[in-house]
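Trainee: I'll drop the sequence and a predicted model, then ask my questions.
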Amino acid sequence: MAKSKPASNATPAITSIVEDTKATMQQALDIMQKAFGTVRTGKASPALAEGIIVEYYGTQTRLKDIASITAPEPRMLVIQPWDQGAVKSIEKAIQGSELGISPVSDGRIIRLPIPELSEERRKDMTKLVKKRAEECRIEIRNARRDANEAIKKAQKASEITEDDQKVMTDDVQKLTDKMIEQVNKLLEVKEAELMAV
């Protein structure tokens, strides 16, 4: 009879483990989406340059924190630093980045003309997004593993019943399947963008 008591306390444990797992998986998905935004598709998008790290007065600073980034044309990014003294540092950071674009500066604003992607570059970018998607799937599966271990511990410590353990494990698996499906959909969309001429 002593085992039936923890079942009433199981709901907070179920909620906590499953919610924490969902948050971890969502974070992995969000990071992947951000990474996808920085992959060049031949169209100008401010997200391409936002995360470039600039040496700004001795501090590593993201470009979006020291300049406005706009896409006034489909194949052009315009970067306007809030401090004109940062122009040279921004140019240097762009040249050293993985963007593969040469900045054009007039001393006040920096223009980034987005060239057409070659077939080879499209394939390289596709490999890059596939790799990032796989890293995200691994992070999601690791979160599932951690959750399942926490559920087993809770059951062994009699904090939850065996029935609760089964329900929680099923919930975590459903969550994992749903998140991996989202990764696959986002990857499909990004691949289509990259391969569109």
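Mentor: Nice, I can see it.
Trainee: which residues touch the nearest residue to A93 once chain neighbours are set aside?
Mentor: Ranked by Cβ to Cβ, 6 or more residues apart in numbering and with sequence neighbours excluded, the top spatial neighbour of A93 is V54, at 4.2 Å. Bear in mind the C-beta positions are built from the backbone N, C-alpha and C, glycine included. For V54, the residues meeting the contact criterion (Cβ atoms under 8 Å, 6 or more residues apart in numbering) are 60-63, 66, 86, 89-90, 93.
Trainee: Grab the longest helix from this protein for me.
Mentor: The residue-count maximum for a helix in the chain (DSSP state H) belongs to helix 119-156.
Trainee: what element comes up after that helix heading to the C-terminus?
Mentor: Once helix 119-156 ends, the next helix or strand along the chain (criterion: DSSP states H and E) is helix 162-195.
Trainee: Name the residues of that following helix that come out as buried.
Mentor: Judged by neighbour count (16 or more other Cβ atoms under 10 Å), helix 162-195 contains these buried residues: 164-165, 167-169, 171-172, 175-176, 179-180, 182-183, 186-187, 190-191, 193-194.
Trainee: Surely P46 touches T70?
Mentor: Yes. With contact defined as Cβ atoms under 8 Å, P46 counts as touching T70 (6.5 Å).
Trainee: Pop out the phi and psi values for the residue nearest to A93.
Mentor: Main-chain torsions, V54, degrees, to the nearest 10: phi -110, psi 140.
Trainee: what bridges to it?
Mentor: Per DSSP bridges, the residues bridged to V54 are T61.
Trainee: Report pLDDT for it.
Mentor: Per-residue confidence for V54 comes out at a pLDDT of 90.
Trainee: Show the buried residues in the contacts of V54.
Mentor: When burial is judged by neighbour count using 16+ other Cβ under 10 Å, the buried members of those are 61, 63, 66, 86, 89-90, 93.
Trainee: wait, is V39 part of a helix?
Mentor: No. Assessed with DSSP: H, G, I helix; E, B strand; the rest coil, V39 is coil; it does not lie in a helix.
Trainee: show me what contacts the residue nearest to the spatial centre of the chain?
Mentor: For the chain, the residue nearest the mean C-alpha position is I31 (1.7 Å; Cα atoms, centre = their mean). Counting by Cβ under 8 Å, 6+ apart, I31 touches C136.
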